[in-house]
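Asker: Build the 3D model from these lines:
(chains A, B, C, D, E and F)
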There are 6 protein chains.
Amino acid sequence: MEEKLEKINHILEALPYLIKYSGKTIVIKYGGAAMVQEDLRASFAEDIVLLKYLGINPVVVHGGGPEINQLIKSLNLNTQFIRGHRVTDEATMEVVEMVLTGKVNKQIVSLIQEKGGKAVGLSGKDGNLAYAEKFLMEFEDESGKVQSLDLGLVGQVNEVNPSILFTLQAEGFIPIISPVAMSKEGQTLNINADTMAGAIAASLKAEKLILLTDTPGILIDGNLVTGLNKQLIDGYIKTGDISGGMIPKVECCLDALDGGVKRTHIIDGRVAHSVLIEVLTNQGIGSLIE
Amino acid sequence: MEEKLEKINHILEALPYLIKYSGKTIVIKYGGAAMVQEDLRASFAEDIVLLKYLGINPVVVHGGGPEINQLIKSLNLNTQFIRGHRVTDEATMEVVEMVLTGKVNKQIVSLIQEKGGKAVGLSGKDGNLAYAEKFLMEFEDESGKVQSLDLGLVGQVNEVNPSILFTLQAEGFIPIISPVAMSKEGQTLNINADTMAGAIAASLKAEKLILLTDTPGILIDGNLVTGLNKQLIDGYIKTGDISGGMIPKVECCLDALDGGVKRTHIIDGRVAHSVLIEVLTNQGIGSLIE
Amino acid sequence: MEEKLEKINHILEALPYLIKYSGKTIVIKYGGAAMVQEDLRASFAEDIVLLKYLGINPVVVHGGGPEINQLIKSLNLNTQFIRGHRVTDEATMEVVEMVLTGKVNKQIVSLIQEKGGKAVGLSGKDGNLAYAEKFLMEFEDESGKVQSLDLGLVGQVNEVNPSILFTLQAEGFIPIISPVAMSKEGQTLNINADTMAGAIAASLKAEKLILLTDTPGILIDGNLVTGLNKQLIDGYIKTGDISGGMIPKVECCLDALDGGVKRTHIIDGRVAHSVLIEVLTNQGIGSLIE
Amino acid sequence: MEEKLEKINHILEALPYLIKYSGKTIVIKYGGAAMVQEDLRASFAEDIVLLKYLGINPVVVHGGGPEINQLIKSLNLNTQFIRGHRVTDEATMEVVEMVLTGKVNKQIVSLIQEKGGKAVGLSGKDGNLAYAEKFLMEFEDESGKVQSLDLGLVGQVNEVNPSILFTLQAEGFIPIISPVAMSKEGQTLNINADTMAGAIAASLKAEKLILLTDTPGILIDGNLVTGLNKQLIDGYIKTGDISGGMIPKVECCLDALDGGVKRTHIIDGRVAHSVLIEVLTNQGIGSLIE
Amino acid sequence: MEEKLEKINHILEALPYLIKYSGKTIVIKYGGAAMVQEDLRASFAEDIVLLKYLGINPVVVHGGGPEINQLIKSLNLNTQFIRGHRVTDEATMEVVEMVLTGKVNKQIVSLIQEKGGKAVGLSGKDGNLAYAEKFLMEFEDESGKVQSLDLGLVGQVNEVNPSILFTLQAEGFIPIISPVAMSKEGQTLNINADTMAGAIAASLKAEKLILLTDTPGILIDGNLVTGLNKQLIDGYIKTGDISGGMIPKVECCLDALDGGVKRTHIIDGRVAHSVLIEVLTNQGIGSLIE
Amino acid sequence: MEEKLEKINHILEALPYLIKYSGKTIVIKYGGAAMVQEDLRASFAEDIVLLKYLGINPVVVHGGGPEINQLIKSLNLNTQFIRGHRVTDEATMEVVEMVLTGKVNKQIVSLIQEKGGKAVGLSGKDGNLAYAEKFLMEFEDESGKVQSLDLGLVGQVNEVNPSILFTLQAEGFIPIISPVAMSKEGQTLNINADTMAGAIAASLKAEKLILLTDTPGILIDGNLVTGLNKQLIDGYIKTGDISGGMIPKVECCLDALDGGVKRTHIIDGRVAHSVLIEVLTNQGIGSLIE
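Answerer: From the prediction side, this is the model:
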């Protein structure tokens, strides 16, 4: 009986969060280890289903994982590299879309349904959810001049039409979104999953945007910083404390906040149930940017 | 972190019950120790609020507790006793109603709202929720002849109009009901809280009727019986294994089942969070009659 | 036939008022003789039910009447008096709440239902309808200094959440409200019924607030004044023409007008059907403040 | 004040009828003196508007009155007579339709709106409300053989589509219907207003069908019979007590009862406010057939 | 098969217009040859029904045609003429209303229903659709002084209540409106059908107002001008290129644009299916004023 | 102008079909040449968008086409063959799903959106749309004994949950479905697109099921048979007139009719706009089975 009581007490500790987030939308970027490891996949799916039954509306945007590279390799595709970046040509884009939308997306849909939810997979193309434009990466060349690099079929979202998401949410479905979108000219473009999640969170004025990563959060001098804001982040980028792959992630969070999202989080997807820990416990997990 | 994870795992263990009871109605008869002890009152209120946020619709019917007797005593009311039963005359009925509807009911309403719910107190009179008729207790006299005993203003429900309950539920309110009802002739009648709960559960075709008692459940030879049905109960009554005050409780459960309630439970209100333990854990608690 | 025709003509004379008030809300403070005399109680209940069937939405806020004092006396409660005001201690507050919410309120609910309406009794606690804060009465002491007097558990409303009223109205129920509310700190407070009615009328942007009194209305030099406004009232208070217990009533009306109520009325509750006379005849009754 | 009170008492006497008929539909055949006399027209329009504001749904079907004959005469139309019946040829039908739908109907619509209602005029053609087929009058010739008489463009309703009526009622409009309908072959046909009213009442499963006539009701030996049923009527027709123009009226009532109308009435349209007297007073007026 | 394919291609060419006008309202003034010639009447009715089934909401306002004069002549009405204008006295107004509302309107309703639509005929009186005030024609007398001419019961619309139109549209009915309206004083007034259509289009913020005329559109030097705006029109009126009966038509269009209509058209009603040609083909027909 | 008129006449010839099919659902199996040829793909997408704008609800179920084989070949997958049938092992199933759901489906979605529709791609997994069970092909061996052949991950639909389709239709989205479904055991199964379309049509009680093929329809002795029923088909199968790949197609149609579909069609997808020709012209195209 004590054990049962402990369990119930644990559930009750979540009550303040249920009250706070009831009916709200939480957008989760799903990727990295959480998508690769069998046990983490299961725990993530449970988290999403539980959120829905707790009266909170999760929206999942997933990345690709290693399965894209694997198929590219199996097909012996010659992908060109410029300045260390792989250029997405049409053949590669086709593989990317097939794997993201036809394989990874459906695995997530299936897993969530196995756990008791009703999931519907979408790409940015479905229901005109997202349009994108080609993205030219800018960099400074040796002489300090800004140059732009054409990485091929890589895009950034410039229009989101969330009506399909509202339609699905209202009827109890959980949207699972793969980061592919069309340009207005009809080209299929590969989108960075973090920025796709950010754009969708902004269009929904979400309560939270949660980015699952393979780090504990934002580390400064090796220590996790649990709370940040734009000013602090700008400082840390200048000092180089935030650098590399973390820069686009924090920028994505700041853009989402600008777009009307209430809170953004960079959390450790390698921890089982990290999404629920973030949403339902009072210490949370990872770094909060608001 | 381990601690958080344990908490989350405990929440997740409730998922199958959320899936099962989502959108369903559970009627709870609230009384006894759970209504007297400060800590049990708080834990009960939390249970009700949590159920509502979990998407389950609780309806509470409460009894009176010692507060009625206390006020009767303070007022030096002369209550007549016939064959050991107190007769409810008009002065007593007035006290009963004031305490039940004007004090106990509002305490429960306030407590639930303190915990984050939106509760609305009703008596059977409000919104024509329940009508009753005078109840004559039948007994065999010494010669074996069936006699009926007029206990005064004591009634049994003979009509329930649940539309006020549906109205409140649809807008997120939790109904808290005191066991008083009018007769069609305009008399105020005192109703047994268990049978009031049963009648209301039947009118709502509730998923569960839960009776909180000050026993672990139905005990046979001192051991808790976790599952019973009509046949078993009839047997136990004949053999005297079920006797005394437990007989009206099991009859109330059987009537509710007849009226369309799916499952009924007699559980131990002296255990903190016994309602949640019953609804959200797989061993449950107390005795199930179905 | 002539008699029938006269009756019909009388009904038809109400048509302009039906057209004017169809779908509108009228808040009525019910108290005094209208609540004590058997025949006036019946006529009041008929008025409320008729209004509802005429497509107008009545909301009733009632006072306490002599029944509170009676119970206080029966219980030999020692109530302290400061400067002539009874201090509401906890024991007294308990009695006040029981009588208002558990007895008076239910009598009104029952009576309205007997006449064919569907009434639901509420106190300020139900559905978080009203929150209050402790009210300190200010007065000038002999030296002219403003002092504040702690009358105990007496409060003034500082928050009204009318959603429970809209919910009930939309489904055809008539709300009957007792003037008790909680403070945010969890104390039960006794509220003046006039100001409770005014606060609720303002929260509903009611078409009318009607205060039933035991006077013909506002009397100046012994003559009824049928129409007043803020300017006139301020003048009459200065001259002492409006004084004593009438001051809080006219202030309550002015506050309600400030809060968005269209018209306020102080009428004679000792006249049978005074509410209907006010609403459905062209001379009206009592004093109009607008 | 006494006068006001009398007025209010008269309104209150209508309360039981408001409770009984709230939300119900009453179909009224309007014609005869009530449509010709200025004062009766006004009183009829008031009755209809009042019913709507009392929450009862009136539907009016009107006849033609003397205006048709007047225009026929002004146009010197040669109308043929067979066995005393005027034959409705195309020129006559055109006049009938113009007067009924373009003049009489709009006069009623305007009058009701002047009194505060929102009326919409329809003929059987609008919204496919009613289709009819040509009606051949049967009679016995001198030799006792049944012959049928072609009266030209005279029809009887054989299909009613009440959806336009439900649409209008739901938005607060009062339908005013002229007794003209098309055949499936596209011919415009003149319909008897009583039977049109009966067919529409049946399609709406109306609470009441009221036929306004220029008699006090059904008279047997010169005395008004206030209550009849099919059996009594059949007897009176056999004995000749009911004869002439009253026969189609009682048959229309019996057909409406067969079609699902709850009660039918033949009342005196020459009495001001006879509709309200019927609906809102306890003795009613005229003859009830049920 | 080629023939079928050609047909389908023709339908598909309409797709951009379906996308553009889906769910929008188009008000059509119907009159002239299109209302007189048998084949044009049929083609007009088909156009209206097709528009409705294509998801576009047509509203028809019709004129009177020669049938009014014919009945006036048959009745030998003495109509007075002042300065060449016929004065509408009461007898004439009665004829006008009967013909417009009781004959012409119902012919259109019937024809549309024959083609498969559900039409409901209204005049400005129904549902308080339109109120008008007497219109005094202003002109300069010989001395250059502005005089006003009383043409009797001729009005101009000064209030439109479109709720009856929204009610009918929402349930799939097509409103057919005759240009008759009441003054607030209760007089029936004859309204110019073009301006009635313009006022109704403005009240609905219609996508298009289409005036069917017996000309190809606006002709300048004998050539059709397909696109105009206020500035061009003002110029053409000054130069006299637009003159006579075309002036009120273009003014009606400009007023409608001012009132919120998106585009207005003056097109040739003598061309079969001119409405559909305007709405569904890319060259359109007639003159566009925007 | 004549040309425009011809076009309009062609549109009008479709009116009877719009009236007939307005608001109805039509399920179309899309495959074969219509999915391979550039011009036929475009014409098909136009057909689907036009249907939606005409107020008819299309649902598309597509097959795979040559793209599956191409990827299998590129990946050098060893697919086993038993008795001439390719066995779908896990590696093959993965390819099938990626191509169907991640490539072909999104191409159709994009194309429809390019033409102005709002399409949402689904597989049977999304929203629990369809569950399947493994399908064992039965055949007679040489000795005449019935044997069953395990073809691997090939399934047949045994449960359809159309709620996601109703959700999407109600908000104006066009569902595009790829023929992949899960078994209750969690296996991904490849479904024959014809039978998937039939099962979905039955679950929607569709007005029509249209199978696009690369034949003119059902040919008997080389002649197209335009109308058939179960009896005729049974006869033709016995005589061998219907044989080979046409047998499963006609059986799929018969099953759909059994399941509540009104009419089924086997039509020539090689003809441009064959879907619209079937739905909107009076001779239709191909073979009707009803």
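Asker: where do the strands sit along the stretch 1-150 of chain A?
Answerer: Using DSSP state E, counting those that start in this stretch, the strands of the stretch 1-150 of chain A run over residues A:25-30, A:57-62, A:81-82, A:85-86, A:119-123, A:130-140, A:146-160.
Asker: Tell me which of these sits most buried.
Answerer: Neighbour counts (mean count of other CB atoms under 10 Å in any protein chain shown) averaged over each of the strands of the stretch 1-150 of chain A peak at strand A:119-123, with a mean of 28. Where you see a C-beta, it was placed from the backbone N, CA and C, and this is true even at glycine.
Asker: tell me the angle of that strand relative to strand A:57-62?
Answerer: If you take axes from the mean of the first three to the mean of the last three CA atoms, to 10 degrees, strand A:119-123 sits at 50 degrees to strand A:57-62.
Asker: Remind me what strand A:119-123 packs against, helices and strands.
Answerer: helix A:105-114, strand A:174-178, strand F:119-123 (3 or more CB pairs under 8 Å, 6 or more residues apart in numbering or on different chains; DSSP states H and E).
Asker: In the stretch 151-290 of chain A, mark out all the helices, start to finish.
Answerer: Shown for the stretch 151-290 of chain A, the helices assigned by DSSP state H, counting those that start in this stretch span residues A:163-170, A:193-203, A:230-239, A:246-258, A:274-280.
Asker: number of nearby residues for the residue in the stretch 101-250 of chain A that chain B sits nearest to?
Answerer: Relative to chain B, the nearest point of the stretch 101-250 of chain A is residue A:116 (4.7 Å; CB to the nearest CB). If you count neighbours by other CB atoms under 10 Å in any protein chain shown, residue A:116 ends up with 18.
Asker: Please name whichever of the strands of the stretch 1-150 of chain A is nearest to residue A:68.
Answerer: Of all those, it is strand A:85-86 that lies closest to residue A:68, at 10.5 Å by CB to CB.
Asker: now for that closest one, which elements pack on it?
Answerer: strand A:146-160.
Asker: 6 Å - rerun?
Answerer: Contacting strand A:85-86 under the criterion 3 or more CB pairs under 6 Å, 6 or more residues apart in numbering or on different chains; DSSP states H and E is no other helix or strand.
Asker: can you put the helices and strands packed on strand A:119-123 in JSON lines and add mean pLDDT and distance to residue F:68?
Answerer: JSON lines is the format used below for these (pLDDT from 0 to 100; distance: least, CB to CB, whole Å):
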{"stretch": "helix A:105-114", "mean pLDDT": "97", "distance to residue F:68": "16"}
{"stretch": "strand A:174-178", "mean pLDDT": "98", "distance to residue F:68": "20"}
{"stretch": "strand F:119-123", "mean pLDDT": "98", "distance to residue F:68": "14"}
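Asker: how about JSON lines for these, with distance to residue D:236 added?
Answerer: As requested, the helices and strands packed on strand A:119-123 are arranged in JSON lines below (distance: least, CB to CB, whole Å):
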{"stretch": "helix A:105-114", "distance to residue D:236": "73"}
{"stretch": "strand A:174-178", "distance to residue D:236": "72"}
{"stretch": "strand F:119-123", "distance to residue D:236": "69"}
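Asker: Minimum distance to residue D:224: which of these has it?
Answerer: Closest approach to residue D:224 among these (CB to CB): strand F:119-123, 69.7 Å.
Asker: Would you mind giving the orientation angle of that closest one with respect to helix A:163-170?
Answerer: Angle, strand F:119-123 to helix A:163-170, by the same axes, to 10 degrees: 50 degrees.
Asker: Strand F:119-123 pairs with which strands, parallel or anti?
Answerer: Here strand F:119-123 is paired, per DSSP bridges, with strand F:174-178 (parallel).
Asker: hmm, who's touching the strand it pairs with?
Answerer: Outside strand F:174-178, the residues within contact range by CB atoms under 6 Å, 6 or more residues apart in numbering or on different chains are F:52, F:58-61, F:100-101, F:105, F:108-109, F:117, F:119-123, F:165, F:168.
Asker: mind listing what residue A:214 touches?
Answerer: The contact partners of residue A:214, by CB under 6 Å, 6+ apart, come to A:32-33, A:270.
Asker: Scan these and report the most crowded one.
Answerer: residue A:32 (19 neighbours).
Asker: Enumerate every residue touching it.
Answerer: Residue A:32 neighbours (CB under 6 Å, 6+ apart): A:214, A:269.
Asker: measure it to residue C:258 for me?
Answerer: Residue A:32 sits 59 Å away from residue C:258, going by CB to CB, to the nearest Å.
Asker: Quick check: the residue of the stretch 151-290 of chain A nearest chain D.
Answerer: residue A:170 (24.8 Å).
Asker: any idea how far that residue lies from residue F:10?
Answerer: 40 Å.
Asker: In terms of neighbours, single out the busier of these two.
Answerer: Neighbours per residue (other CB under 10 Å) separate residue A:170 from residue F:10, with residue F:10 holding more: 21 against 11.
Asker: Format the helices of the stretch 151-290 of chain A as CSV; extra columns: mean pLDDT and distance to chain B.
Answerer: Shown next, in CSV, are these (pLDDT from 0 to 100; distance: least, CB to the nearest CB, whole Å):
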stretch, mean pLDDT, distance to chain B
helix A:163-170, 97, 15
helix A:193-203, 97, 22
helix A:230-239, 96, 25
helix A:246-258, 95, 22
helix A:274-280, 95, 5
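Asker: how many neighbours does the spatially closest residue to the residue of the stretch 101-250 of chain A closest to chain B that is not a sequence neighbour have?
Answerer: The shortest distance from residue A:116 to any non-neighbouring residue, by CB to CB, 6 or more residues apart in numbering or on different chains, is to residue B:19 (4.7 Å). Using other CB under 10 Å, residue B:19 has 16 neighbouring residues.
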